[in-house]
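Participant: quick one, fold the following:
(one chain, ligands or ions: 1)
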Amino acid sequence: MTIFPKAGLARNFVAGRWVEGDGGAVIAVEDPGTQEHLTNCACAGEASLARALEGARTSFERGFLAEMPPAQRAALMLRIATEIRAIARDAGELLCRESGKTLEAAQGEFEEAAQYFKYYGGLADKIEGKSIPLGPDYVDYTVYEPYGVSAQIVPWNFPVAIAARSMAPALTAGNSIVVKSPELDPLGLALLGSALERAGVPEGAASILCGIGADLGARLVASSEVDQIVFTGSVPTGQSILRAAAETVTPSVMELGGKSAAIAFEDADLDGLMASVKTGIYFNAGQVCSAMSRLLVHRAIYDQVVERAVALSQGLSVGHGLDNPDLTPLISGQQLARVEERVQAAARDGIRVACGGKRLDGPGYFMAPTVLAEVDPASRIAQEEVFGPVLCIIPFDSEAEAIALANGTAYGLVAGVFTQDLSRAHRVAARLRAGQVFVNEWFAGGIATPFGGAGRSGYGREKGLEALYNYVRTKNIAIALNRGNGASLDRAARNGD
Ligand code: NAD
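Facilitator: Numbers count the residues shown, from 1 in each chain. You can find the predicted model right below:
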């Protein structure tokens with residue numbers, strides 16, 4: 001494939017060079033839609049990690065990006081966007097095969113990645129500080145500085161789009177990055193590296209390494225060479241990374257899981273609601289952190305909504321991602337077993353399986369679209385992330401009860417409100433514990449809208465202008481104009497500094 005131009009099939013982009021891997025470990029990449037072995041990926045080992053970190057540090061200290069005139073940095077980001085677009089068709093096909101997602105979604109991920117570089121590139125010369133009035137004796141201002149080396153750990157569900165949403169603002173702000181790709185589908189992200197290379201990213205400013213989380217990932221985040229950690233993934237991994245970050249006091253962004261609820265009031269437009277259910281829980285086979293995994297429905301329309309959700313689920317086309325069906329396979333046999341077991345345990349606990357509930361015949365890791373009805377909101381299936389095509393439908397009687405149910409898990413990633421009554425939409429949105437609230441359309445928003453969680457869904461924000469400030473720290477510069485007149489000492493005494 002010509003999109004790996006410089007080193008055949010090497011998958012590790014280490015400080016400007018393609019390296020076949022020096023870790024000994026090899027990851028077998030599989031097509032989850034056929035269970036066919038696609039290729040082996042040689043993992044980056046100790047030496048590659050050291051070279052990537054050293055390259056990132058050197059690039060940062062020499063100011064390859066941070067001291068590049070902002071307009072030139074913007075131009076570099078736009079060139080990266082152009083290079084990503086140039087490979088989107090072929091690279092999207094590879095991502096489709098390794099991740100199981102539809103071809104359309106996989107190619108769309110490269111388009112989304114390009115948009116992140118375009119969006120943040122346009123901000124490179126707009127990272128402005130403030131002037132702070134301290135009276136005639138001082139000039140005081142703030143500047144935003146990049147952290148230095150940003151370590152970024154990426155999950156498998158949207159490896160290319162999620163990587164780009166962190167890489168683009170980090171590079172735009174002048175940081176160097178060392179990215180670890182997900183072990184289940186590392187190929188698409190390696191191809192993103194080839195786009196960076198072709199666009200002329202300075203040597204060492206970006207490395208993308210393939211490796212096992214508990215090994216390469218754990219060593220990366222524990223390194224004292226890392227100035228910032230950006231993690232997107234599950235709560236337990238996030239917790240283990242935070243423990244490592246505590247040792248080195250490294251600032252971290254945590255984008256974790258969710259158990260997000262849509263609230264359908266009695267006046268909801270049911271056709272619109274069903275369109276949102278379809279994308280909300282079945283897009284990417286439900287393997288979406290912000291999936292609509294719970295649907296809270298007013299009792300007046302409850303039976304009708306369950307019936308329509310079942311009909312919708314049973315009418316979905318299921319197949320290999322290359323055919324762009326409604327429902328694609330889960331990423332792995334392990335993930336399929338996990339999802340199926342969760343649903344069967346719920347059924348054993350007496351929860352009604354309105355449709356689906358088990359795997360579909362292979363080859364491929366397909367889970368039947370599943371609707372669980374009259375789900376006890378306190379049950380495990382309603383409280384914990386399943387990460388599969390499984391919708392829990394829960395009835396409610398009042399607005400207050402719906403809000404309490406929506407807020408009643410440890411997570412707080414996104415939420416949705418479906419109603420024709422805009423005053424109610426505003427009132428309820430204000431009371432939902434979530435980083436983002438969708439009104440009348442699940443997944444409304446885009447690359448420009450801030451995204452992130454509350455509670456166990458994490459902290460920090462990605463996407464939008466807001467996220468750029470995850471990748472810089474503020475420095476205040478205070479200049480005394482009349483040295484020695486004691487004004488600063490007086491002020492310090494007053495402030496208790
Ligand atoms: P995961 O936590 O198993 O793995 C995520 C990444 O962390 C992988 O690259 C993995 O190799 C790495 N990793 C594993 N152990 C590590 C360790 N000890 N140290 C450093 N890195 C380590 O998650 P996953 O199964 O890949 O992804 C699914 C999870 O991600 C779900 O919980 C989902 O909700 C969450 N997610 C969140 C967002 C968000 O933006 N909030 C987006 C996508 C996915």
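Participant: show me which residues of the stretch 351-497 of the chain sit near the ligand.
Facilitator: Applying CB under 6 Å from any ligand atom, we find that the stretch 351-497 of the chain lies next to the ligand at 385, 387, 413, 453. C-beta coordinates here come from the backbone N, C-alpha and C atoms, glycine included.
Participant: among these, which lie within strands?
Facilitator: Using DSSP state E, no member of those falls within strands.
Participant: how many residues are close by residue 269?
Facilitator: 14 (other CB atoms under 10 Å).
Participant: in TSV, list the residues of the stretch 351-497 of the chain next to the ligand along with neighbour count, pLDDT and distance to residue 131.
Facilitator: Listed next are these as TSV, based on neighbours: other CB atoms under 10 Å; pLDDT from 0 to 100; distance: CB to CB, whole Å:
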residue	neighbour count	pLDDT	distance to residue 131
385	22	98	45
387	24	98	47
413	27	98	37
453	26	97	34
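Participant: taking these, tell me the two that lie furthest apart.
Facilitator: Taking CB to CB, the two most distant members of those are 387 and 453; they sit 15.3 Å apart.
Participant: can you list the residues of the stretch 351-497 of the chain next to the ligand in TSV and add distance to residue 22?
Facilitator: Shown next, in TSV, are these (distance: CB to CB, whole Å):
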residue	distance to residue 22
385	35
387	33
413	37
453	36
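Participant: now for the residue nearest to residue 463 when sequence neighbours are not counted: which residues touch it?
Facilitator: With CB to CB, 6 or more residues apart in numbering as the measure, residue 451 is the residue that lies nearest to residue 463, at 4.5 Å, once sequence neighbours are left out. Listed by CB atoms under 8 Å, 6 or more residues apart in numbering, the contact set of residue 451 reads 255, 290, 414, 435-436, 445, 461-464, 467.
Participant: ok, of those, which one's closest to the ligand?
Facilitator: Among the contacts of residue 451, residue 255 lies closest to the ligand (CB to the nearest ligand atom), at 3.4 Å.
Participant: element containing the residue most central in space within the chain, please.
Facilitator: The chain has residue 162 as the residue nearest its centroid, 4.4 Å off, counting by CA atoms, centre = their mean. Counting by DSSP states H and E, the element that carries residue 162 is helix 159-172.
Participant: what's in contact with whichever helix or strand comes after that helix?
Facilitator: On the C-terminal side of helix 159-172, the closest following helix or strand by DSSP H and E is strand 176-181. Counting by CB under 8 Å, 6+ apart, the neighbours of strand 176-181 from elsewhere in the structure are 49, 52-53, 55-57, 59-60, 65, 148-154, 159, 163, 166-167, 170-171, 189-190, 204-211, 213, 216-217, 220, 226.
Participant: tell me which of those fall in strands.
Facilitator: When the contacts of strand 176-181 are checked against strands (DSSP E), the matches are 149-153, 206-210.
Participant: export those as a markdown table, with columns for distance to residue 115, pLDDT and neighbour count.
Facilitator: Below are these laid out as a markdown table (distance: CB to CB, whole Å; pLDDT from 0 to 100; neighbours: other CB atoms under 10 Å):
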| residue | distance to residue 115 | pLDDT | neighbour count |
| --- | --- | --- | --- |
| 149 | 25 | 98 | 27 |
| 150 | 20 | 98 | 29 |
| 151 | 24 | 98 | 28 |
| 152 | 18 | 98 | 26 |
| 153 | 22 | 98 | 26 |
| 206 | 18 | 98 | 29 |
| 207 | 23 | 98 | 29 |
| 208 | 19 | 98 | 28 |
| 209 | 25 | 97 | 29 |
| 210 | 25 | 96 | 31 |
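Participant: walk me through the domains of this structure.
Facilitator: Structural domains assigned to the chain are 9-256+453-474, 260-439, following automatic domain parsing.
Participant: endpoints of the shortest one, how far apart?
Facilitator: Read that as domain 260-439. With CA to CA, to the nearest Å applied, domain 260-439 spans 13 Å between its terminal residues.
Participant: what's the neighbour count on residue 225?
Facilitator: The burial count assigned to residue 225 is 17, neighbours taken as other CB under 10 Å.
Participant: check whether it really touches residue 53, as I assumed.
Facilitator: Yes: between residue 225 and residue 53 there is a contact at 4.3 Å, judged by CB atoms under 8 Å.
Participant: mind listing the shared neighbours of those two?
Facilitator: Contact criterion CB under 8 Å, 6+ apart; residues bridging residue 225 and residue 53 by contacting each: residue 149.
Participant: contacts for stretch 351-361?
Facilitator: Taking CB under 8 Å, 6+ apart as the criterion, the residues outside stretch 351-361 that touch it are 306, 309-310, 313-314, 318, 336, 340, 343-344, 346-347, 365-376, 379, 381, 389-390, 393.
Participant: try it again with 6 Å
Facilitator: Under the criterion CB atoms under 6 Å, 6 or more residues apart in numbering, residues 306, 310, 313-314, 336, 340, 343, 347, 366-375 lie in contact with stretch 351-361.
Participant: go on, stretch 363-370?
Facilitator: Contact with stretch 363-370 is made by 32-35, 313, 316, 327, 329-330, 333, 336, 339, 343, 356-360, 388-390, as judged by CB under 6 Å, 6+ apart.
Participant: quick check: residue 279 vs residue 294, distance?
Facilitator: Going from residue 279 to residue 294 by CB to CB, to the nearest Å gives 15 Å.
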